[in-house]
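Q: Sharing a model prediction with you, sequence too.
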Amino acid sequence: IIALPVSVTLAKHVQSVFISQDYTIALNLARFEMEKVLNTAYASIVVGTTNSSDYQGYAYDLTTTVSETTSGTEGYKLISISVAKADSLTVLVTLKTYLVKNVTWGL
């Protein structure tokens with residue numbers, strides 16, 4: 001009688017550990033790629049979508065999407081980085097940021 005609830009609880013705990021591990025790895029890979037992008041010159045960041053399978057040797061696929069909006073000499077790029085388990089359509093983590101050039105903030 002006692003073994004059944006304990007085994008169900010233990011199985012749920014093990015399952016949650018693996019899910020947590022997936023999210024942690026995905027977040028760390030997205031952060032790593034975002035740091036690389038943030039340390040790249042504005043002009044060197046290519047507009048478009050890039051897919052990387054088995055990113056950094058992990059069984060995760062990383063998709064980087066860059067779009068650009070310009071007006072004269074001013075402009076900004078929206079960078080979106082998404083990570084999913086390899087061969088899975090479910091995105092675990094998405095990070096987004098903007099990079100700007102020649103933009104003056106304020107009055």
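A: Yep, that arrived.
Q: any weak-confidence spans in this protein?
A: 1, 105-107 (pLDDT under 70).
Q: the strands in it, which residues?
A: Applying DSSP state E to the chain gives strands spanning 48-52, 60-71, 74-85, 91-101.
Q: Need those in JSON lines (columns: mean neighbour count and distance to S16).
A: Bear in mind the C-beta positions are built from the backbone N, C-alpha and C, glycine included. Converted to JSON lines, the strands of the chain look like this (neighbours: other Cβ atoms under 10 Å; distance: least, Cβ to Cβ, whole Å):
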{"stretch": "strand 48-52", "mean neighbour count": "11", "distance to S16": "28"}
{"stretch": "strand 60-71", "mean neighbour count": "16", "distance to S16": "19"}
{"stretch": "strand 74-85", "mean neighbour count": "18", "distance to S16": "16"}
{"stretch": "strand 91-101", "mean neighbour count": "14", "distance to S16": "15"}
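Q: Turn those strands into TSV, columns for distance to S20.
A: Converted to TSV, these look like this (distance: least, Cβ to Cβ, whole Å):
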stretch	distance to S20
strand 48-52	23
strand 60-71	15
strand 74-85	14
strand 91-101	11
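Q: Might one say that M34 is in contact with S80?
A: No. Using Cβ atoms under 8 Å, M34 is not in contact with S80, being 10.0 Å away.
Q: Just the CA atoms of stretch 41-59, as PDB, please.
A: This file holds the C-alpha atoms of stretch 41-59, laid out as PDB (Å, rounded to 0.1, in the frame of the first residue of the first chain):
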ATOM      1  CA  ALA A  41      30.100  44.600 -34.500                       C
ATOM      2  CA  TYR A  42      26.700  45.800 -35.700                       C
ATOM      3  CA  ALA A  43      27.700  45.700 -39.400                       C
ATOM      4  CA  SER A  44      28.900  42.100 -39.000                       C
ATOM      5  CA  ILE A  45      25.600  40.700 -37.900                       C
ATOM      6  CA  VAL A  46      23.900  39.200 -40.900                       C
ATOM      7  CA  VAL A  47      20.100  39.600 -41.400                       C
ATOM      8  CA  GLY A  48      18.200  36.400 -41.800                       C
ATOM      9  CA  THR A  49      17.800  33.000 -40.100                       C
ATOM     10  CA  THR A  50      20.500  30.600 -39.100                       C
ATOM     11  CA  ASN A  51      20.000  27.100 -37.800                       C
ATOM     12  CA  SER A  52      22.600  25.200 -35.900                       C
ATOM     13  CA  SER A  53      22.100  21.500 -35.200                       C
ATOM     14  CA  ASP A  54      23.700  19.900 -32.200                       C
ATOM     15  CA  TYR A  55      24.900  23.300 -31.000                       C
ATOM     16  CA  GLN A  56      28.200  23.200 -29.100                       C
ATOM     17  CA  GLY A  57      28.100  19.400 -29.100                       C
ATOM     18  CA  TYR A  58      24.800  19.200 -27.300                       C
ATOM     19  CA  ALA A  59      21.700  17.500 -28.700                       C
END
